[in-house]
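In: Quick one, structure for this:
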Amino acid sequence: MRVVTDEERRARLGVRHALAESARVSSPEEAARAVVCLHATEAPSVHLSCWARVDDVAVDDVERALYDTRSLVRQQSMRETLFVFPRDLVPAVWGSAAARVAAVHRKRLLKDLERWGPADGGHGAAWLATVENAVLARLADGVQRSSKQIREQVPEAGGVIVQAPDKTWGGPVAIAPKVLTQLSLDGAVARAGNAGAWYASRPTWTTTQAWWVRAVPGALASQQGYAELVGRWLWSYGPGTVEDIAWWLGATKSVVRTALEDLGAQQVSLEDGSIGWLRADDLDPVAAPEPWVALLPLLDPTVMGWKGRAFYLGPHAPQLFDSAGNAGTTVWVDGRVVGAWVQSPDGVVGLRLLDEVTPAVHQPLVAEARRLTEWLDGQRVFTVYPSPAMQ
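Out: The predicted model follows:
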């Protein structure tokens, strides 16, 4: 069995994730493909993930892909997380990861509606269907609306769930955002434009038909959809373990094993002795690129791509992730994370290194921080997920 060392895994990461300078790509669409999809929980991370992988990319280039050509599509799916997918991958997501989350979300929503909301007596399913139909009827005119506008214009969706009223963490929760999330997971509505600046999330909603403009493709069957996702993951992130893939997908190990079998994936031995997997057409070693550095944003796909992260994080996970498992900003040198980056009150990007680096490495890191400072042009990007290293 072929052994894939941690060094080769880091080389693959630099090349396949378009982080080494020689491996950078030419568009936001290619940047998303390099990592399968971009994390979109934090609005500015989409743009900053593209900045790290695309030379001379501008905010307008990313906005154009998201809202004009719509070649990149926002979709909530794996682990109930919001991602930006290449348009052609969305049908696979609808049929697999999004469908799985949709079933869980619907069950939880019905329980909440019947326990704390307006649908007691076991009438949750009928009540929710009425609200969903009313929302879809209102959006049928093709006009993009915010969640607030939906609440105002669709009386059926205007209520609240008074969640856990006897608990300190309880209180009223608007129903409309939950209904819109459910319809999105089901593929019936789409996150359309952004009513805020690029670094803020102010989504508007419309029907999937209106957003796609052309005929909306059907969702792939679940097994076929998972195989497509796993195949792309293996190319970008492989080799990885079954546990890595199951975590990334938010699926079961059984689902992953079926996908690996469908793909004819091949086993390899990782440096720690565990079994990893590669695509059958990707068994040859990948040569290390030139020395490289990178500054990646919060929740970047590269830092969030595996469950087993020791080969690139070393001992630094506690400093780089918050208590909920959200990754902060990261500083990379040749496939290893060596620290975090932050902004000063006037927007200057600074480094907070957790490892000592040589002057030959520190110089390009400083240059990359300067390049990001110039690109942000004074705009500070804030987060609700600061890591200990960022604080």
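
In: What about residue 308, how many residues nearby?
Out: 16 (other C-beta atoms under 10 Å). Every C-beta, even on glycine, is put in place using the N, C-alpha and C of the backbone.

In: Let's see the lengthiest strand in the chain as CSV, backbone CA atoms only.
Out: If you go by DSSP state E, the chain has its longest strand at strand 336-343. Extracted in CSV, the C-alpha atoms of strand 336-343 (Å, rounded to 0.1, in the frame of the first residue of the first chain):
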residue,chain,number,x,y,z
ARG,A,336,1.6,24.5,8.0
VAL,A,337,-0.4,27.0,10.1
VAL,A,338,2.0,29.2,12.1
GLY,A,339,-0.4,31.8,13.5
ALA,A,340,-3.3,34.1,12.9
TRP,A,341,-3.8,37.6,11.5
VAL,A,342,-5.7,40.6,12.8
GLN,A,343,-6.5,44.1,11.8
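
In: 14 is where my numbering starts, stick with that
Out: Taking 14 as the first residue, the last one we looked at is strand 349-356.

In: any idea of the mean pLDDT in that strand?
Out: Average pLDDT, strand 349-356: 97.

In: Please apply the same query to stretch 295-302.
Out: According to the model, stretch 295-302 has a mean pLDDT of 96.

In: So for the helix or strand hosting residue 238, mean pLDDT?
Out: Element membership for residue 238, per DSSP states H and E: helix 235-250. Average pLDDT, helix 235-250: 98.

In: domain assignment for the chain?
Out: 111-205+215-225, 306-389 (automatic domain parsing).

In: of all those, which lies closest to residue 239?
Out: Nearest to residue 239, of all the domains of the chain, is domain 111-205+215-225, at 9.2 Å by C-beta to C-beta.

In: Averaging pLDDT per element, find the lowest-scoring helix or strand in the chain.
Out: Sorting the helices and strands of the chain by mean pLDDT, DSSP states H and E puts strand 173-176 at the bottom, at a mean of 84.

In: centre of the chain versus that strand, how much separation?
Out: Between the mean C-alpha point of strand 173-176 and the mean C-alpha point of its chain there is a distance of 28 Å (C-alpha atoms, centre = their mean, to the nearest Å).

In: ok, and what's touching the longest helix anywhere in the chain?
Out: What stands out as the longest helix in the chain, according to DSSP state H, is helix 110-129. The contact list for helix 110-129 (C-beta atoms under 8 Å, 6 or more residues apart in numbering) reads 88-93, 132-138, 140-141, 174-178, 188, 191-192, 194-195, 198-200, 232, 235, 238-239, 242, 262-264.

In: buried subset of the residues you listed?
Out: 88-91, 93, 132, 137, 140-141, 174, 188, 191-192, 194-195, 198-200, 232, 235, 238-239, 242, 262-264 (16 or more other C-beta atoms under 10 Å).
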